[in-house]
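Student: Here is my input, please return the structure:
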Amino acid sequence: MGALPTAIEPPPTRAPARRVLPWAIVVLWAAVIALAFPFAGKLDDAQRDNVVDYLPASADSTQVARIQQALPGGESTDLVVVFHRDRGLTDADRAHAQERLDAIADAHELASGPPQGVPSKDGTTLMYPVSTTEPGTDNDARAALVDDVRERLGSDPVEGLDAELGGTGAVQTDMEKVFGTIDGTLMLATVLVVAVLLILTYRSPFLWLVPLVVVGAAAVASQAVVYGLIQGFGLTVTSQSAAIMTVLVFGAGTDYALLLVARYREELRRVQRPYDAMLAALRGCGPAVLASSGTVAAGLLCLLAADVNSASGLGPVGAVGVVCALAAMLTLLPAVLVLLGRRVFWPLVPVHGGEPKQRRSLFGAMGTSAARRPGVVLAAGTVLLGTLALGALGAPGNLTQEDTFTERPESVSAMRTLADAYPDSGNQPISVVVPSDTTGRALEDVRSTDGVASARPGRSGDGWTEITVFAKDAPESAGETATIEALRAEVDGAHVGGPSAQQLDLADTNARDRVIVVPLVLGAVLLILIALLRSLVAPLMLIAAVVAVWGAVMGLGGLVFEPLFGFQGVDPSLPLLSFVFLVALGVDYGIFLMHRMREEALNGADPRAAALTALRTTGGVIASAGIVLAATFVVLMNLPLVPLVEMGFLVAVGVLLDTFLVRTYLVTSASLLLGRRVWWPGNLSRTGRKEGTQMVSEPRHPEPAGRR
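Tutor: Okay, here's the model as predicted:
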């Protein structure tokens with residue numbers, strides 16, 4: 001039987017629907033944005049960046065932080081005033097230091113009493129531990145206190161004498177100031193990056209504006225929904241999760257737009273009316289886009305099983321962003337494109353019945369090269385990824401709190417000065433809370449614990465008493481870690497917290513979360529892929545590919561973070577979060593490729609032709625999407641926090657590696673080697689077309705995005 005025509009025109013659509021439905025969708029979205037905009041603007045003020053918002057929910061140090069907040073006066077603000085002169089302090093320096101401390105004590109109510117200076121053995125440094133409950137748990141009040149203390153220290157400066165303010169209170173204040181600059185900087189940079197890439201992709205003075213405006217609408221809607229979740233369900237949203245949501249909305253939303261616009265342009269050459277062409281485009285790429293967004297949302301929601309508060313809170317926040325991007329791209333974007341008609345593509349307007357300008361396809365050439373020796377290509381790519389993954393063996397240790405900034409603030413500089421001047425003693429307190437009726441015995445047990453230099457009782461209330469402990473060893477050293485573990489083991493009924501204990505608990509809990517969340521993510525993504533591709537082999541192949549990419553980029557991070565970026569460690573949450581993003585987002589491109597390959601197979605193409613045609617027809621648009629998504633995550637690398645820089649680097653490199661190596665060469669090579677078995681156990685593994693089908697159409701060859 002001869003081949004039927006390459007396309008079957010959809011049935012005529014009623015003219016009123018073509019005119020009314022797009023306008024109705026635009027009006028509906030305009031109403032949504034008008035209602036959402038005031039609430040979206042409140043999200044910044046609703047974000048929380050307290051210590052407990054980033055800690056494991058069940059950890060010992062988190063219990064301490066919560067108890068401290070309930071003690072009289074709220075959580076204490078612990079500061080350390082540091083005076084330092086390289087060649088040694090003079091008597092005039094000490095007098096000046098005491099004068100500054102007296103001024104601070106007169107201006108603020110200090111819980112620790114009159115400050116007593118502790119000189120270093122080498123005579124270069126003098127530190128004054130200062131604690132106050134004056135700000136309570138009010139972050140603004142604490143920031144005002146820190147600013148006032150710094151202003152008093154800086155007044156009447158002495159030449160050659162450095163006066164700095166450190167301690168946990170100062171570090172938290174500096175961190176919150178950094179968080180306060182993230183949202184505006186991130187939004188502006190992301191918009192600019194996406195706009196530039198869309199202009200380069202479409203080479204049109206108008207078309208690039210459409211997806212950018214639509215993704216902006218999705219961003220506003222997502223911010224309003226997240227604010228509603230905060231008010232209605234008490235969802236905790238940190239500045240980190242809000243920043244990542246912005247990147248996800250712009251990155252994923254633009255990806256979906258690129259795929260839809262490319263398919264719409266293809267259909268405009270086959271179908272006369274834009275409305276009907278858009279319906280055909282949605283039927284063609286809609287399932288892939290739905291599955292793509294579903295994998296990302298499902299993967300993010302798996303983070304709800306994490307015990308680390310910042311990770312579990314990121315799950316629903318990120319999922320809301322992806323769902324809002326999906327809704328906008330499948331409703332508002334098609335409506336706007338239909339209303340604007342073909343002229344939106346000017347000057348490269350697709351003509352009905354015309355053929356795209358034939359140019360040499362880069363991805364066609366890449367597919368042909370992979371087809372010559374698919375076994376060799378697959379083996380070489382696998383060895384390359386495995387070699388990169390070995391770099392994880394040389395990765396630096398966990399990131400300390402002081403190393404979380406890309407540019408060292410005063411609080412971190414002060415703590416570094418203390419670490420150098422007091423190498424044999426701790427300068428960061430360990431907080432121990434015990435039942436008030438056991439305070440005396442607990443204090444004796446604390447003081448007799450190996451590694452404890454000093455301990456003193458502090459506030460009491462609500463059945464608990466706080467004991468401030470200083471270790472003999474430097475903060476976050478192996479010796480101090482042993483002291484924390486000894487306190488937890490030897491002091492009955494005690495909870496041990498403080499910055500060092502928090503970092504220890506974060507590392508332990510993140511390791512536990514990986515064991516639980518990783519299988520959940522893999523299972524959720526696998527089920528979605530099976531439902532979309534009607535196969536077991538193809539989904540397993542895609543899962544293996546993205547896991548290999550994650551291992552490779554983790555190894556690459558281990559090779560470059562310290563030598564190239566100068567980072568002193570890896571954020572404990574990075575392995576888990578990067579896994580979720582790379583698996584969920586990386587599978588997207590495999591979905592686009594394999595869905596088109598399945599479509600070609602259903603139309604009667606043999607396995608080799610289906611694989612190469614799928615790569616040739618999707619290569620350009622997926623490459624554009626991968627570059628856009630990678631670029632949006634690169635924006636995170638311009639922020640002043642090391643965890644976000646590390647996250648941006650790993651995800652961006654992983655997306656590019658998946659786009660140009662794994663999907664193009666490895667997945668294609670594996671598909672060529674497997675042949676029809678890639679669709680096992682579905683019908684396609686036994687026959688080249690769907691049972692009962694009456695159509696065997698020739699493969700279509702649309703131009704890659706950006707090459708029209």
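
Student: Confirm that residue 164 lies within a strand, as I assumed.
Tutor: Yes - assessed by DSSP: H, G, I helix; E, B strand; the rest coil, residue 164 belongs to a strand.

Student: is it in a bridge, and if so with what?
Tutor: residue 82 (DSSP bridges).

Student: Wait, it touches residue 84, no?
Tutor: Yes - using CB atoms under 8 Å, residue 164 is in contact with residue 84, at 7.5 Å. Any C-beta I mention is one placed from the backbone N, CA and C, and that applies to glycine too.

Student: Are there residues contacting both of these two? Which ones?
Tutor: Residues touching both residue 164 and residue 84 (CB atoms under 8 Å, 6 or more residues apart in numbering): residue 417.

Student: the helices in the stretch 551-700 of the chain, which residues?
Tutor: 574-602, 607-634, 642-657, 668-674 (DSSP state H, counting those that start in this stretch).

Student: Any idea which of these gets closest to residue 187?
Tutor: When the helices of the stretch 551-700 of the chain are compared by CB to CB, helix 607-634 sits nearest residue 187, at 11.3 Å.

Student: Taking their axis directions, that closest one and helix 574-602 sit at what angle?
Tutor: If you take axes from the mean of the first three to the mean of the last three CA atoms, to 10 degrees, helix 607-634 sits at 150 degrees to helix 574-602.

Student: Who are the packing partners of helix 607-634?
Tutor: Contacts defined by 3 or more CB pairs under 8 Å, 6 or more residues apart in numbering; DSSP states H and E place helix 607-634 against helix 182-202, helix 239-268, helix 362-372, helix 574-602, helix 642-657, helix 668-674.

Student: Nearest to the spatial middle of the chain, which residue is it?
Tutor: Centroid check for the chain by CA atoms, centre = their mean gives residue 244 as the closest residue, at 4.6 Å.

Student: Do you know the pLDDT at it?
Tutor: As predicted, residue 244 sits at a pLDDT of 86.

Student: Including distance to residue 385, could the helices and strands packed on helix 607-634 go into TSV?
Tutor: Output for the helices and strands packed on helix 607-634, formatted as TSV (distance: least, CB to CB, whole Å):
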stretch	distance to residue 385
helix 182-202	27
helix 239-268	23
helix 362-372	16
helix 574-602	12
helix 642-657	8
helix 668-674	13
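
Student: Tell me which of those helices lies nearest to residue 121.
Tutor: For the helices and strands packed on helix 607-634, proximity to residue 121 was assessed by CB to CB; helix 642-657 is nearest, at 31.9 Å.

Student: for the record, mean pLDDT for the closest one?
Tutor: Here the average pLDDT along helix 642-657 is 91.

Student: Show me what it is in contact with.
Tutor: Helix 642-657 is touched from outside by 240, 243-244, 399, 403-406, 549-550, 552-554, 556-557, 560-561, 565, 567, 570-571, 573-574, 577-578, 581-582, 585-586, 626-627, 629-631, 633-637, 639, with contacts defined as CB under 8 Å, 6+ apart.

Student: what separates it from the chain centre, distance-wise?
Tutor: Helix 642-657 sits 9 Å away from the centroid of its parent chain (CA atoms, centre = their mean, to the nearest Å).

Student: Nearest to residue 90 among the helices and strands packed on helix 607-634 would be which one?
Tutor: With CB to CB, the closest approach to residue 90 among the helices and strands packed on helix 607-634 belongs to helix 642-657: 37.3 Å.

Student: Where does residue 407 fall, secondary structure wise?
Tutor: Using DSSP states H and E, residue 407 sits in no helix or strand.

Student: backbone phi and psi for the residue nearest to it when sequence neighbours are not counted, please?
Tutor: Counting by CB to CB, 6 or more residues apart in numbering, residue 407 lies nearest to residue 640, which is 5.8 Å off, once chain neighbours are set aside. Here is the backbone geometry of residue 640 (degrees, to the nearest 10): phi -90, psi 20.

Student: these two touch, right, residue 640 and residue 406?
Tutor: Yes - counting by CB under 8 Å, residue 640 touches residue 406, with 4.9 Å between them.

Student: that older thread, weakest of the helices and strands packed on helix 607-634 by average pLDDT?
Tutor: Note on the helices and strands packed on helix 607-634: helix 362-372 shows the lowest mean pLDDT, a mean of 68.

Student: Beyond that helix, next helix or strand please.
Tutor: Next helix or strand after helix 362-372 toward the C-terminus (DSSP H and E): helix 374-389.

Student: Relative to the whole chain's centre, how far out is that following helix?
Tutor: Chain-centre distance of helix 374-389: 28 Å, with CA atoms, centre = their mean.

Student: what is the rounded mean pLDDT of that helix?
Tutor: 90.

Student: Report the separation between residue 62 and residue 46.
Tutor: 21 Å (CB to CB, to the nearest Å).

Student: higher neighbour count, these two?
Tutor: residue 62 (25 against 17; other CB atoms under 10 Å).

Student: can I assume that one is in contact with residue 55?
Tutor: Yes - at 4.3 Å, residue 62 counts as touching residue 55 under the criterion of CB under 8 Å.

Student: shared neighbours of the two, anything?
Tutor: By CB under 8 Å, 6+ apart, the residues touching both residue 62 and residue 55 are 309, 502, 505.

Student: This completes my enquiry, with thanks.
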